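In: here is a sequence together with a model predicted from it:
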Amino acid sequence: MRPALFPVRSPSPVAGTASRRFRAAFASIGLVIGLGAALPLAGCIGGSAPATLQTASPMQVDESTTLAAVNAFRASQGMKPVKLSASLSAAARSQAMDMAAHDTMSHNLGGQTLPKRLAKAGYGWQVADENIGEGYPTMAAAMLGWKNSPGHRKNLLDPGVTEIGIGAAEVSRSRYHYYWSLILAAPDQRRVTVIGAGS
């Protein structure tokens, strides 16, 4: 199996939300043992998931270091900084654990699209992007892969996002061992004004 790198995009707005959009990208990388260098990346989607679920473990990710890396990259390209979101991190951790448990990389495991996962996390959004990856042993390696991929880079530099969440998981008996999810989004800022009787 060849390593994969694909941006995935929604061609149309989410129903009932003409101003909202989401974009997703994912990456898989093979590692050269001893050199720690990435093999060339080529396209490949999915593969079949194993019949039984793997036992996945969450990986500890230093969120402040991740935030600093994302913001340094954005600043180097003239983009505004983002901040951490606990809701987005919870959704990203859940996605990484799900991919690890199924030993596969997908934005839509079990029909759970990014918009559905954000709704489940209680995050109302107007813009939402996701980068996923497998095979990267560290956040720094995942970030480097994403920065060097056009689809992932576009997500990292999206001018419409204001918040991020990061999640990672590992499975020792799997093809790639490490699974990552980085969600970049902007919360829905629409306000509802209720005017009572007698106003």
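Out: Yep, that arrived.

In: give me the number of residues near Arg153?
Out: By the other Cβ atoms under 10 Å criterion, the neighbourhood of Arg153 contains 17 residues. Every residue, glycine included, has its C-beta placed from N, CA and C.

In: and after the host helix or strand of it, which helix or strand comes next?
Out: Assigned by DSSP states H and E, Arg153 falls within helix 150-156. Per DSSP H and E, the first helix or strand lying C-terminal to helix 150-156 is strand 163-170.

In: which strands and helices lie in contact with that following strand?
Out: Counting contacts by 3 or more Cβ pairs under 8 Å, 6 or more residues apart in numbering; DSSP states H and E, the secondary-structure elements packed against strand 163-170 are strand 57-58, helix 63-76, strand 83-84, helix 86-102, helix 139-147, strand 178-187.

In: list the neighbouring strands of that strand plus their orientation.
Out: Strand partners for strand 163-170, identified by DSSP bridges, are recorded as strand 57-58 (antiparallel), strand 83-84 (parallel), strand 178-187 (antiparallel).

In: okay, angle between the last one and helix 139-147 too, please.
Out: Which is strand 178-187. An angle of 60 degrees separates the directions of strand 178-187 and helix 139-147 when computed by axes from the mean of the first three to the mean of the last three Cα atoms, to 10 degrees.

In: please renumber so the chain begins at 53
Out: In the new count, where the first residue is 53, that last one comes out as strand 230-239.

In: for Trp177, give me phi and psi.
Out: Backbone dihedrals for Trp177, given as degrees, to the nearest 10, come out at phi -130, psi 160.

In: what is the burial count for it?
Out: Using other Cβ under 10 Å, Trp177 has 24 other residues around it.

In: beta partners of it?
Out: Bridge pairing for Trp177 - DSSP bridges - gives Pro239.

In: quick check: it vs Ala153, distance?
Out: Relative to Ala153, Trp177 is positioned 25 Å away (Cβ to Cβ, to the nearest Å).
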